[in-house]
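what follows is a predicted structure for the sequence shown.
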There are 2 protein chains.
Amino acid sequence: MVAARGLCLYACPPIEQGAGAFCVLIIKKTTLMARLVLKFGGTSVADLDRIRNVARHVKREVDAGNEVAVVVSAMAGQTNKLVEFCREASPLHDAREYDAVVASGEQVTSGLLAVVLQDMGVNARSWQGWQVPIKTDENHGAARIKEIDADFLSERLSQGQVAVLAGFQGISPDNRISTLGRGGSDTSAVAIAAAVKADRCDIYTDVDGVYTTDPRIVPKAKRLDRVSFEEMLEMASLGAKVLQVRSVEMAMVHGVRTFVRSSFDDPDAPQVGNGGLPPGTLICDEDELVEQQVVTGIAFAKDEAQISIRDVADKPGVAESVFGPLADANINVDMIVQNISPDGKTTDITFTVPEADYIRAISVLEDNRGEIGFQNLEGATDVVKVSVIGIGMRSHAGIAAQCFRGLAEKGINIRAITTSEIKISVLIDSAYTELAVRTLHSLYGLDG
Amino acid sequence: MVAARGLCLYACPPIEQGAGAFCVLIIKKTTLMARLVLKFGGTSVADLDRIRNVARHVKREVDAGNEVAVVVSAMAGQTNKLVEFCREASPLHDAREYDAVVASGEQVTSGLLAVVLQDMGVNARSWQGWQVPIKTDENHGAARIKEIDADFLSERLSQGQVAVLAGFQGISPDNRISTLGRGGSDTSAVAIAAAVKADRCDIYTDVDGVYTTDPRIVPKAKRLDRVSFEEMLEMASLGAKVLQVRSVEMAMVHGVRTFVRSSFDDPDAPQVGNGGLPPGTLICDEDELVEQQVVTGIAFAKDEAQISIRDVADKPGVAESVFGPLADANINVDMIVQNISPDGKTTDITFTVPEADYIRAISVLEDNRGEIGFQNLEGATDVVKVSVIGIGMRSHAGIAAQCFRGLAEKGINIRAITTSEIKISVLIDSAYTELAVRTLHSLYGLDG
C-alpha cells in the first residue's frame, strides 16, 4: 500500500473514524521541497531559550526550501497549573470552562514562537484552533477532531508563511473552545499534517526515537530506524510512551509518515544518518520498511490489574452481564480470557482493567453479583502485561511458542495470554518484569 | 437629557466615534429587576479566594432578580508576566502575536469565574471576545471597539444565564484576537453595557468611589455620591485614576450609568446608603444629579512637562510648524497657550506634553528649529497641572477669578492657564501641589 495523501476532508467521514476516509489520489513529489508539520511538546518550549531553539529547528527547514507548519504544546508545567486552578475552583467543573482555561497555555506558546521566528526573519503567524478552524465534536475535555477546513492555512503555507498552531485544541459545534485531552498535541499535529497533505509529520520529543524496548530496562535496546504504523500502534497501546495512541491511529488511517526525533539535537547539525533522515524513527507504511524483522520490539505495561471471576454459569449472556456494567461505569477492559468449560456448566473469566480503576471495578462487580451469579471474585494489581510485537509474525510460525518456552525456562508463570495478528501479550507477576523483557529482547535477536 | 439606552449598533456609526450613535428610543423600567454589567479588575480576581468573593457579589445580584453580565480582567500580575514574555521574545514583536499571548490572561479568569459561579448554583458561562463577537479595528495592541453583535449574548441574559466576559479583548477584521490596550477592561464593560442595553455598569475597583480630590493629599476629601459624565471625563483626563478616560467617553456617548464601588465590600452586606445604591459613586447624566455643586472636584496631574518656545514669528502657519512635527512623532500635546504678541512681530508659545515624552519632544523641536525659526527653547518637568472641575461653572461667574486669587494669596505663581466650559486648569511648580490642591479644595467648600 502506498501512503494516500490526497485526503478529502469534506467528502469523507470524520477523519478520526477510520479507513473510509481515504481517497485514491496519490501524489509523488519529485522535488526536494517538502511540506512538513513539526510538533514540539511542553519540555521543548519550557522557556524562551528553548523556544528559540525550536525556532532554529523551524528556520533550518524553511531555509532548506520546505513549507512548514509547527504545532506547539503549552510551556512545561503550565497545563498542570491551569488544570489545578480548575480543580481548585470546583472539583466538578464544567468541561467547557475547563477547556477555555486550559487551552490558553498553547495560545501563549503559539504567539511567542511566532514572535521569535519573526525576530529571526522568518515569515510566521500563530493560529488558534478556532481560527483554522479545527472542528471537533462536543465532547469537551476529550474532544475528537471531526474536520479541518485547511484551505486558508494551506494557501498561507504555499505562500511561504510558517504557521504556528496551538496544539491540543479545536472548536466545538457550539462555538466554544474544545481540548483533545492530555497529550492531544500529537493528535493535532498528525491531523493538521493529514489536512494540509504534508509529506511528513516530525514529532520532536525528549527521546531520540522509538526503541526495541525501554532502554532503562534493557541497556542493549536499539533505536528503530523505521517501524510500521501497525507495530507502532501496538507499541503505543502497550506501554511505549513516545506517542499518543490516537495520533498513531490517525497517522495510520491517513497515511501520515510520522518521524520521531529529539528536540535537544543541535538544530544546525547536518541532517543525515538515517536513510536521508536525521537520527530518529520513521513511522510509515509497511512498504517503506527496508529490512523487515520478525519481531520489532518488546513492550510492557505495569498499570494493569487482573480480575478473575470463578464459577460463573457457562451460558449465553454471561459475558454481557459482566462487561455491560463495567462499560456503563466507563471502565476500559483490556485482555479478556474465557476458556471452554470442562464440565459445560460453569467457567472462569479473567480480564484486566487499568490499575486506577481496579477498586471501582471490583465494587461494580460485587454490586452485580446477583445478576452475574459468580461464586468467587479474585484480583491482583501486582501484574504486568508484556508484549512481543512484529509485523513479520504474520508470516512466521512459532513466534508465540518461542515466547512461552523462553519464559518457562526462566520459571516465569503466565497468568493469561492474548494475541493479535502482529503481537503476543502475556500477563505475568510484576516482579518478573525486567527478567521477562530482557529474556524476550534477547530471544528475538533484538540486542544491539 | 435622559440617558438613551435604545442603542442601535447596526444603524449607527462605530460606537467609539461619538454622539452620532444615539437613537431616540427611551426605555423606562418600572420593575425592580435590572440588567447589570459588573466589572472586576485584576486585584479583585488575583486568586481563587478573591474570585469566590467576586462570585458572591454576582450571586447577590442574581438572587435579587437581576440579569447579570460580568467583565473580568486577568489575575493580578498575569498581564505583566505575559507582556514581559513578549518583550523577551523580541523587543519589536508583532502586535497581533502580542494580542494572542496577552489576551490569554482574561480567558483564564473568565473560565474560572464561570466554574466558581456554577459551583455556587448560578447558571453561568464564559465568553471570549471573539465568541460574542466584540468587533474591533485592526489596531492591534490598542484596538478600538467598532461593533458588538450582542443579540445572542442578550438572549442568554434574558434566559437568566450569567455571562462572564473576558475583558480587554475583541476580534479584528482579519479574524485575529485584538486587545484594547492596558486598562481596556473598563472600556469592554461599558461597551457591553451599551450593547446589551444594561441599566447600569458597576465598576468594582480597589477604591470605594470617586472623591472630590485625592484623599492622600486632602484628608478632608469626600466621596461624591453622583458626578456627571462631563465632570468625570475631565477628572479622568486630569489625573483621577479611578476609570480609564476612554470608558468614561463611551459611557457619556451611550448614556451608560456607571457606578464605581469597592470590590472589597462584604458581598452580603445590605446594599443601601446612597439613594437606593450601596456606597460608591454614580456617574450619570446631569439630570440625575440631586444637588448640583458649582465645583465638584480638584484634580491634578504630575506627569506633565512644560515647553516654551520664545520669539517665534507671529504669522500664519507658525503653530502648524511647531505642532505638526510633534503630532508626527505621536506626542500628545495638552495645554497650549499663545498670547497676542505685544509688537505684532514675535510671540511665545507654551504647551505641555507627557513627562515621558519630554526629551523626545525637545529633540523633535530642535530638529525643526530651521522651519519654526525660534530663538530660544525652554522647558521644565517639575510642574503640575491643577484643575478645578464643576458642571455648575457654566452658570456661575467668577469661579476662575476666585481660583487665581486663592493661589496668589498663597504666593503660588501660575505658569499657564487653560479653561473649558466646566474646568479651569493651571500649571504651577510641582513643589506647590499639595498647598494648591488643599487651598482650592477648601476655597470651593469641598472639605467634608
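Yep, it's here. Numbers count the residues shown, from 1 in each chain, chains lettered A, B, ... in the order given.

what segments of the stretch 301-448 of chain A are strands?
Assigned by DSSP state E, counting those that start in this stretch, the stretch 301-448 of chain A shows strands spanning A:304-313, A:336-338, A:346-354, A:376-380, A:383-389, A:416-420, A:423-429.

tell me where the model's unsure across the stretch 151-300 of chain A.
For the stretch 151-300 of chain A, residues meeting the criterion pLDDT under 70 lie at A:182, A:237-240.

for chain B, what's its nearest residue on it.
A:N175 (6.0 Å; CB to the nearest CB). Bear in mind the C-beta positions are built from the backbone N, C-alpha and C, glycine included.

and that residue, how many residues sit next to it?
By the criterion of other CB atoms under 10 Å in any protein chain shown, A:N175 has 14 neighbours.

kindly report the same for the one 5 residues further on.
Taking other CB under 10 Å as the neighbour definition, A:L180 ends up with a count of 30.

what's the answer for A:V272, then?
10.

follow-up on the earlier one: ranking the strands of the stretch 301-448 of chain A by mean pLDDT, which is last?
Note on the strands of the stretch 301-448 of chain A: lowest mean pLDDT is at strand A:336-338, with a mean of 85.

still on that earlier bit, and the strands of the stretch 301-448 of chain A, which is most packed in?
By mean neighbour count, with neighbours taken as mean count of other CB atoms under 10 Å in any protein chain shown, strand A:383-389 ranks first of these at a mean of 26.

and that one, how far out from the chain's middle?
Distance of strand A:383-389 from the chain centroid (CA atoms, centre = their mean, to the nearest Å) equals 17 Å.

ok, stretch A:338-351 next?
With CA atoms, centre = their mean, you get 34 Å for stretch A:338-351.

re earlier: nearest residue to the residue of the stretch 151-300 of chain A closest to chain B in space, please, no chain neighbours.
B:Q131 (6.0 Å; CB to CB, 6 or more residues apart in numbering or on different chains).

that neighbour: how many residues sit nearby?
For B:Q131, using other CB under 10 Å, the count is 22.

do I have it right that it meets A:D174?
No. Counting by CB atoms under 8 Å, B:Q131 does not reach A:D174; the two are 9.9 Å apart.

for A:L243, which three-state class applies?
Under DSSP: H, G, I helix; E, B strand; the rest coil, the three-state class of A:L243 is coil.

for it, give me its contacts.
Counting by CB atoms under 8 Å, 6 or more residues apart in numbering or on different chains, A:L243 touches A:186, A:203, A:232, A:236, A:258, A:260, A:283.

out of those, which is most surrounded?
A:I283 (33 neighbours).

for it, give me phi and psi.
As for A:I283, its main-chain torsions (degrees, to the nearest 10) stand at phi -100, psi 120.

can you verify the residue nearest to A:N175 is assigned to a helix?
No. B:Q131: not assigned to a helix; according to three-state DSSP it is coil.

so the residue of the stretch 151-300 of chain A closest to chain B makes contact with B:V132?
No. A:N175 lies out of contact with B:V132 (CB under 8 Å); the separation is 10.3 Å.

just put the strands of the stretch 301-448 of chain A in TSV and tack on distance to B:G141.
Putting the strands of the stretch 301-448 of chain A into TSV (distance: least, CB to CB, whole Å) gives the following:
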stretch	distance to B:G141
strand A:304-313	52
strand A:336-338	58
strand A:346-354	47
strand A:376-380	60
strand A:383-389	53
strand A:416-420	56
strand A:423-429	55
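
looking at those, which is nearest to chain B?
Nearest of those to chain B, taken as CB to the nearest CB: strand A:346-354 at 27.1 Å.

what about the helices in the stretch 251-400 of chain A?
Assigned by DSSP state H, counting those that start in this stretch, the helices in the stretch 251-400 of chain A fall at A:318-328, A:358-367, A:369-372, A:399-409.

so for chain B, which of the ones you listed sits nearest?
Nearest to chain B among the helices of the stretch 251-400 of chain A is helix A:358-367; the distance by CB to the nearest CB comes to 24.4 Å.

residues near the residue lying closest to A:T187 once chain neighbours are set aside, how many?
In space, and not counting its chain neighbours, A:T187 is closest to A:S247: 4.5 Å by CB to CB, 6+ apart. The tally of other residues near A:S247 (other CB under 10 Å) stands at 29.

so A:S247 sits against A:V190, correct?
Yes. Using CB under 8 Å, A:S247 is in contact with A:V190, at 4.7 Å.

which residues are in contact with both of those two?
A:T258.

point out the residues in the stretch 151-300 of chain A that sit beside chain B.
The interface of the stretch 151-300 of chain A toward chain B, taken as CB under 8 Å from any CB of the partner chain, is made up of A:175-177.

can you do 10 Å?
A:152, A:164, A:166, A:171, A:174-177 (CB under 10 Å from any CB of the partner chain).

which ones among those residues are found in strands?
A:164, A:166, A:171, A:177 (DSSP state E).

please indicate which of those are buried?
A:164, A:166, A:171, A:177 (16 or more other CB atoms under 10 Å in any protein chain shown).

need the residues you listed in CSV with distance to A:D311, can you?
Below are these laid out as CSV (distance: CB to CB, whole Å):
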residue, distance to A:D311
A:V164, 60
A:A166, 54
A:I171, 52
A:I177, 51
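
residues contacting the residue of chain A most remote from its centre?
The centre of chain A is farthest from one residue, A:D343, which by CA atoms, centre = their mean lies 42.6 Å away. When contacts are counted by CB atoms under 10 Å, 6 or more residues apart in numbering or on different chains, A:D343 touches A:D314.

over to A:R176?
A:R176 touches A:95-97, A:99-100, A:130, A:136, A:138, A:140, B:125-128, B:131, counting by CB under 10 Å, 6+ apart.

equivalent analysis for A:N376, please.
Contacts of A:N376 by CB under 10 Å, 6+ apart are A:308-312, A:348.

before we move on, back to that, can the contacts of A:R176 go into JSON lines with extra columns for secondary structure, distance to B:V337 and pLDDT?
Below are these laid out as JSON lines (DSSP: H, G, I helix; E, B strand; the rest coil; distance: CB to CB, whole Å; pLDDT from 0 to 100):
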{"residue": "A:A95", "secondary structure": "helix", "distance to B:V337": "62", "pLDDT": "95"}
{"residue": "A:R96", "secondary structure": "helix", "distance to B:V337": "58", "pLDDT": "97"}
{"residue": "A:E97", "secondary structure": "helix", "distance to B:V337": "55", "pLDDT": "97"}
{"residue": "A:D99", "secondary structure": "helix", "distance to B:V337": "57", "pLDDT": "97"}
{"residue": "A:A100", "secondary structure": "helix", "distance to B:V337": "52", "pLDDT": "97"}
{"residue": "A:W130", "secondary structure": "coil", "distance to B:V337": "52", "pLDDT": "97"}
{"residue": "A:T136", "secondary structure": "strand", "distance to B:V337": "62", "pLDDT": "97"}
{"residue": "A:E138", "secondary structure": "coil", "distance to B:V337": "64", "pLDDT": "94"}
{"residue": "A:H140", "secondary structure": "coil", "distance to B:V337": "61", "pLDDT": "96"}
{"residue": "B:R125", "secondary structure": "strand", "distance to B:V337": "54", "pLDDT": "98"}
{"residue": "B:S126", "secondary structure": "strand", "distance to B:V337": "50", "pLDDT": "98"}
{"residue": "B:W127", "secondary structure": "strand", "distance to B:V337": "47", "pLDDT": "98"}
{"residue": "B:Q128", "secondary structure": "coil", "distance to B:V337": "47", "pLDDT": "98"}
{"residue": "B:Q131", "secondary structure": "coil", "distance to B:V337": "49", "pLDDT": "97"}
